[in-house]
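**Student:** Any chance you can model this:
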Amino acid sequence: MKFVDLQVCWPRMLSRMALGLLLLLWLQAIGAETTVPLALSDAERIALENDPLVRARMARSEALDADAVADGQLPDPKFRTGLYNVPLDDFDLRREPSTQLRFGIQQAFPRGKTLELKSQKTHLQAQAERTRAKLESLKILRNVRKTYLDIYYQTEAARIVTESRKLFESLAEITQVQYGSGGSSQQDVLRAELELSRLDDRITQIQTREEMARAKLSRWLGQAAWRKLQRAAPSLPRPADEKEIEAVLEQHPEIRLQSNIVATHQQAVAISREQYKPGWTIGAEYRMRFGDNPDDSSRSDMGTVMLAVDMPLFSEKRQDKRLAASQKRADAAYLDRQNSWRMLRELLASASSSRERLEERLQRYQQQLIREAEENAKAALLAYQSGTIEFTGLMRARITELEIHLQALKLRFGLMKIHADLLYLAAGEEQ
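**Tutor:** Okay, here's the model as predicted:
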């Protein structure tokens, strides 16, 4: 009979139980995360945390910061050595007085302030990458907000249509009962069934648009885009008015990025101007001589100091062309900045105008049209029950009520999407 050593097995059993418990808790945590409704703030956070393009921009900016330090340094000095004037007939190093072993070092100094300007240019490129990362984050935030609002709008539209379908089912049942008793025609029954089929098709269309919007949102959220949305309606901060946004539009990352690009090209122009100045190379050399003089005295060693200077005398096809090209690139960058400024102002004017009109229309729907459509539908039902109007008039009133509710919902979320655009434009307020 074999006996189990509990002192050996007990710690192993405890470790396995602890590992199993941790695995169970981990699985529960994953399940809880996938079942928690997705709020707009969650979507924004996940998108900003996981976007690879923003991280790539920041990595490039860090790389350029490191390059800027290196660009400001002098070139590495050059070490030179060689054996000179060796006789090839017998390779006797001591026979000829001109045979020398030389050791030298050289240091080059680029033209003018080229190194300083190159370092500043690379720093500006690093700033541009950081600004691109900020701009990309703002675009992601705007796109995630608008896509989330699209999904929420489709879910609410599906809910409204589904609730209306129940009402239409009741009307269809009433019509069938009245048709059996001779109180309505077969056309009324067919019309009721037709409207039910149209509502089913409409629900399918809404679900298709919702799935397409979720697929778009999955670009930033991955599988989290398919989670059930939070039941509470999403909300966005109310953006400032048009004049306040326009006052800070100059600080928008899009404009700051273009300004960084302009500054970078201006540095390139300055570097091109420095190429008209001479560059310098200095060096020192030690020359060791072999053998003896005719009087048997040792040959003395020698030293050399060297200076090399660039001579930019023929600049017409090199320096002049480089400078002209740099100036044209700077001019183009400035014009690109002007174009970006005009596009942002256009977007601001369009969004501000749309906000004003959407608010006006939404107020009309909420205070007047919805109430009138509901009262009209109730009056149509009473008139149909009393035999005053036909079934077609009742169905038209119910369909109108449904369309009014859906249009009010569309206006509401359209206004919120305009707010998302205005918040994107108001990003300069954060600076």
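
**Student:** in the helix or strand hosting Gly104, what counts as buried?
**Tutor:** Take DSSP states H and E as the rule and Gly104 turns out to sit in strand 100-109. Taking 16 or more other C-beta atoms under 10 Å as the basis for neighbour counts, the residues of strand 100-109 that come out buried are 100-101, 104, 106, 108. Heads up, the C-betas are built off the backbone N, CA and C, glycines and all.

**Student:** which stretches of the chain aren't confidently modelled?
**Tutor:** By pLDDT under 70, the low-scoring segments of the chain are 1-34, 177-185, 428-431.

**Student:** State the next helix or strand along the chain beyond the strand holding Gly104.
**Tutor:** Beyond strand 100-109 toward the C-terminal end (DSSP H and E), the next one is helix 114-180.

**Student:** helices or strands next to the following helix or strand past that following helix in the packing?
**Tutor:** Counting by DSSP H and E, the element after helix 114-180 in chain order, helix or strand, is helix 186-221. Helix 186-221 is packed against helix 40-50, helix 114-180, helix 391-425, with contacts defined by 3 or more C-beta pairs under 8 Å, 6 or more residues apart in numbering; DSSP states H and E.

**Student:** Report the inter-axis angle for helix 186-221 versus helix 40-50.
**Tutor:** For helix 186-221 and helix 40-50, the angle between their directions (axes from the mean of the first three to the mean of the last three C-alpha atoms, to 10 degrees) works out to 40 degrees.

**Student:** And for Leu83, nearest residue in space, chain neighbours not counted?
**Tutor:** Using C-beta to C-beta, 6 or more residues apart in numbering and skipping the chain neighbours, the partner closest in space to Leu83 is Leu101 (5.5 Å).

**Student:** List the contacts of that neighbour.
**Tutor:** For Leu101, the contact set (C-beta atoms under 8 Å, 6 or more residues apart in numbering) comprises 81-84, 287-288, 290.

**Student:** Any idea what it is bridged to?
**Tutor:** On the basis of DSSP bridges, Leu101 takes part in beta bridges with Leu83, Met288.

**Student:** Quick check: it vs Arg94, distance?
**Tutor:** Separation of Leu101 from Arg94 (C-beta to C-beta, to the nearest Å): 12 Å.

**Student:** swap in Ala59?
**Tutor:** If you go by C-beta to C-beta, the gap between Ala59 and Arg94 works out to 61 Å.

**Student:** repeat for Lys121
**Tutor:** Between Lys121 and Arg94 the distance, using C-beta to C-beta, works out to 55 Å.

**Student:** Same question for Arg55.
**Tutor:** Taken as C-beta to C-beta, the spacing of Arg55 relative to Arg94 amounts to 67 Å.

**Student:** about what we covered before: what sits in contact with each of Leu101 and Arg94?
**Tutor:** With contacts defined as C-beta under 8 Å, 6+ apart, the residues adjacent to both Leu101 and Arg94 are Phe290.

**Student:** residues in contact with the closest residue to Glu210 other than its chain neighbours?
**Tutor:** Once flanking residues are discounted, Glu210 sits nearest to Gln154: 3.8 Å by C-beta to C-beta, 6+ apart. The contact partners of Gln154, taken as C-beta under 8 Å, 6+ apart, are 206-207, 209-210, 213.

**Student:** Now with 6 Å, please.
**Tutor:** When contacts are counted by C-beta atoms under 6 Å, 6 or more residues apart in numbering, Gln154 touches 206, 209-210.

**Student:** In those residues, which residue is surrounded by the most others?
**Tutor:** Highest neighbour count within those: Ile206, with 21 neighbours (other C-beta atoms under 10 Å).

**Student:** Hmm, that one is touching Ala157, no?
**Tutor:** Yes. With contact taken as C-beta atoms under 6 Å, Ile206 and Ala157 are classed as touching, separated by 5.2 Å.

**Student:** Quick check: phi and psi at the residue of the chain positioned farthest from its centre.
**Tutor:** Ranked by distance from the centre of the chain (C-alpha atoms, centre = their mean), the top residue is Asp295, with 83.1 Å. Dihedral angles of Asp295 (phi, psi; degrees, to the nearest 10) stand at phi -90, psi 20.

**Student:** same question, the one 5 residues further on
**Tutor:** In terms of degrees, to the nearest 10, the main-chain angles of Ser300 are phi -80, psi 150.

**Student:** Could you check how far it is from Gly291?
**Tutor:** From Ser300 over to Gly291 (counting by C-beta to C-beta), the distance is 12 Å.

**Student:** Between those two, tell me which one has more neighbours.
**Tutor:** Between Ser300 and Gly291, counting by other C-beta under 10 Å, Gly291 is the more crowded of the two (13 against 8).

**Student:** hang on, isn't that one packed against Asp92?
**Tutor:** No. In this structure, Gly291 sits apart from Asp92 without contact. The criterion is C-beta under 6 Å, and the distance is 8.4 Å.
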